[in-house]
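In: One predicted model, sequence on top.
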Amino acid sequence: MSFLLRTHIKLATSSLRLNRGRTFLTALGISIGVASIVLILSLAGGINRLISTQIERVGSDLIVVRPSTAKDMVGSIVDELTASNQYLKSNLSLSDVGAIQRLEGVAAAAPIAVMDGTVSTNNKSMNATLVATNPDLEKILSLPMKTGQFLNSQLKENTAVVGYWTAMQLYGSVEAVTKTFEYMGEKFMVVGVLEEINDPINFNNVDFDNAILANAGFMETLGALQIQQVNVRATTTGGVGTVVDEIGEKMSDSRGGGRNFAVLSGSQISHPAGSLFTIVSGMLTLVASISLVVGGVGVMNIMLVSVSERTREIGIRKAVGASSGNILLTFLFESLILSILGGVMGFAVGYACAFLVSLLTPFAPFVSWEILGITGGTSLVVGVLFGIYPAVKAASKNPIQSLKYYR
């Protein structure tokens, strides 16, 4: 059996070597589809790993409360694809934050309400991201300060902390403490500037380098707050489960038994649009699969050409005793080798592109055996599916008629 296997592989590789240019171009068709899938999966995995690392760094005593609605699968997907709109209907409020802060097992609780608006100084105006929160956010996230201090209950309500790059854009320097800006007709004084964090993708959905943090209570007086989430830190790591239950009961009671929110901890915490990444990467993978189908059709086309060109060879092999099964395996192995070659090329090109993309993004591509298995398995499936018909056609040829064939 092993001898026959080696023979089939040798015959297949010999045939492919005779037409190196055609072999390369056919394998290239497969490699484009495989490279696309590898690129998508590695970047999506890199984002998920980045978020997981951030959560581990913040601590295992972190709890996050987010608005949630019970919907069917289609409704949930639509909500994820319009994640920014679902927060416009947020059911979380500052009274929920106060109720959570008063729970015995809670060390700190901070809301995050993100809004966009125009801020202006005496000589500059720009669009900025404003985050309504409270002093507890520093305790939860350990935000590093470049100059000044974080929000404090002892300070006036119309004070703010600005991100590193926001300070540079507004004032041309990080020495921005005591400087002012205006938002919605109200004047704010800067009391602190954050260190450069370089963390635009995170579970808070806030790029703190390009944000302005202000007191949630004061911001509410300027308009209704839509709280995307509430970050909570438990007093002890071991008591997280109990605190999660207590938060759920407290908020449910305040809503008359309703459960239009989610209390998350540990691995449940992800980017607010975490499932959006999964959905989008899945859709992109499906699109990339079309390239694989096109590459598979190319394999089938070339294999049919090969069968036609080698009709007389098939007749000779059958005349000297080769069975239809032997002929079928020879051509099927040829198709498999083409697909595997394309898969190897695609895997290498896909990761090369992923590493190039990582130079422009804050996350590194994710390398795993799972991705290797997916690409390898996909290549094998394409080789079998699109190679079986030409192989069967070759195996079913009549040896007498095949011997009469001349190109």
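Out: Thanks, I have the structure now. Residues are numbered from 1 along each chain as shown.
In: any idea how far Ser368 lies from Val131?
Out: Distance, Ser368 to Val131, using CB to CB, to the nearest Å: 34 Å. C-beta coordinates here come from the backbone N, C-alpha and C atoms, glycine included.
In: who has more neighbours, the two?
Out: Of the pair Ser368 and Val131, Val131 is the one with more neighbours under other CB atoms under 10 Å, namely 24 against 12.
In: can you give me the offset of stretch 179-196 from its chain's centre?
Out: 34 Å (CA atoms, centre = their mean, to the nearest Å).
In: neighbouring contacts of that stretch?
Out: 117-121, 130, 143-152, 155-156, 158-165, 167, 170-171, 174-178, 208-209, 212, 214, 222-223 (CB atoms under 8 Å, 6 or more residues apart in numbering).
In: now with 7 Å?
Out: 117, 119-121, 130, 143-150, 155, 158-164, 167, 170-171, 174, 176-178, 208-209, 214, 222 (CB atoms under 7 Å, 6 or more residues apart in numbering).
In: what's the span of it, first residue to last?
Out: Distance across stretch 179-196, first residue to last, is 19 Å (CA to CA, to the nearest Å).
In: got the buried residues for that stretch?
Out: Buried residues in stretch 179-196, counted by 16 or more other CB atoms under 10 Å: 179, 181, 183, 188, 190-194.
In: just stretch 325-336 next, same as before
Out: 326-336.
In: Then stretch 294-313?
Out: Counting neighbours by 16+ other CB under 10 Å, stretch 294-313 gives 295-296, 298-300, 302-303, 306-307, 310-311, 313 as buried.
In: returning to that earlier point: and the buried residues of stretch 179-196, which of them are in strands?
Out: 181, 183, 188, 190-194 (DSSP state E).
In: Please give the element, helix or strand, for Gly343.
Out: helix 324-358 (DSSP states H and E).
In: Just the endpoints, please. Distance across stretch 394-405?
Out: 13 Å.
In: Going toward the C-terminus from the worst-scoring helix or strand of the chain on mean pLDDT, what's the next helix or strand?
Out: Lowest by mean pLDDT, DSSP states H and E among the helices and strands of the chain is helix 83-86, with a mean of 44. Sequence order places helix 94-101 as the next helix or strand after helix 83-86, per DSSP H and E.
In: Tell me which other helices or strands the lengthiest strand in the chain touches.
Out: Longest strand in the chain, counting residues (DSSP E): strand 106-120. With contacts taken as 3 or more CB pairs under 7 Å, 6 or more residues apart in numbering; DSSP states H and E, strand 106-120 sits against helix 94-101, strand 125-133, helix 136-141, strand 180-183, strand 229-234.
In: Sheet partners, orientation included, of the last one?
Out: Pointing back at strand 229-234 there. strand 62-67 (antiparallel), strand 106-120 (antiparallel) (DSSP bridges).
In: Next SSE downstream of that strand?
Out: helix 240-254.
In: quick one: low-confidence ranges for the stretch 251-400 of the chain?
Out: 270-278, 280, 362 (pLDDT under 70).
In: Show me where it has its helices.
Out: Using DSSP state H, counting those that start in this stretch, the helices of the stretch 251-400 of the chain run over 274-309, 311-319, 324-358, 369-395, 399-403.
In: For Asn204, find the nearest of these.
Out: helix 274-309 (12.1 Å; CB to CB).
In: starting at the chain centroid, how far to the helix holding Gly343?
Out: 26 Å.
In: Just want the angle from it to helix 369-395.
Out: Orientation of helix 324-358 against helix 369-395 (axes from the mean of the first three to the mean of the last three CA atoms, to 10 degrees) gives an angle of 150 degrees.
In: for helix 324-358, packing partners?
Out: helix 2-18, helix 20-58, helix 274-309, helix 311-319, helix 369-395.
In: Let me have those in TSV, adding distance to Ser90 as columns.
Out: Below are the helices and strands packed on helix 324-358 laid out as TSV (distance: least, CB to CB, whole Å):
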stretch	distance to Ser90
helix 2-18	60
helix 20-58	21
helix 274-309	17
helix 311-319	69
helix 369-395	35
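In: most tightly surrounded among the ones you listed?
Out: Mean neighbour count (mean count of other CB atoms under 10 Å) peaks for helix 20-58 among these, with a mean of 20.
In: Let me know the closest of the ones in strands among the buried residues of stretch 179-196 to Arg66.
Out: Leu194 (23.7 Å).
In: For Ala395, list the residues it contacts.
Out: With CB under 7 Å, 6+ apart, Ala395 has these contacts: 324, 327-328.
In: how close does it sit to Phe218?
Out: Counting by CB to CB - Ala395 and Phe218 are separated by 80 Å.
In: Pull the CA coordinates from stretch 353-373 and hand them back as PDB.
Out: Extracted C-alpha coordinates of stretch 353-373, given in PDB (Å, rounded to 0.1, in the frame of the first residue of the first chain):
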ATOM      1  CA  CYS A 353       0.200  40.800   5.200                       C
ATOM      2  CA  ALA A 354      -1.100  40.600   8.800                       C
ATOM      3  CA  PHE A 355       2.400  41.500  10.200                       C
ATOM      4  CA  LEU A 356       2.500  44.500   7.700                       C
ATOM      5  CA  VAL A 357      -0.900  45.600   8.900                       C
ATOM      6  CA  SER A 358       0.200  45.300  12.500                       C
ATOM      7  CA  LEU A 359       2.900  47.900  11.900                       C
ATOM      8  CA  LEU A 360       0.000  50.400  11.500                       C
ATOM      9  CA  THR A 361      -2.200  49.200  14.200                       C
ATOM     10  CA  PRO A 362      -1.900  48.700  18.000                       C
ATOM     11  CA  PHE A 363      -2.400  44.900  18.000                       C
ATOM     12  CA  ALA A 364      -0.200  42.100  16.700                       C
ATOM     13  CA  PRO A 365      -1.600  39.300  14.500                       C
ATOM     14  CA  PHE A 366      -2.800  36.200  16.300                       C
ATOM     15  CA  VAL A 367      -0.800  33.000  15.400                       C
ATOM     16  CA  SER A 368      -2.400  29.700  16.400                       C
ATOM     17  CA  TRP A 369      -2.600  26.100  15.400                       C
ATOM     18  CA  GLU A 370      -6.300  26.600  14.900                       C
ATOM     19  CA  ILE A 371      -5.800  28.900  12.000                       C
ATOM     20  CA  LEU A 372      -3.200  26.500  10.500                       C
ATOM     21  CA  GLY A 373      -5.700  23.700  10.900                       C
END
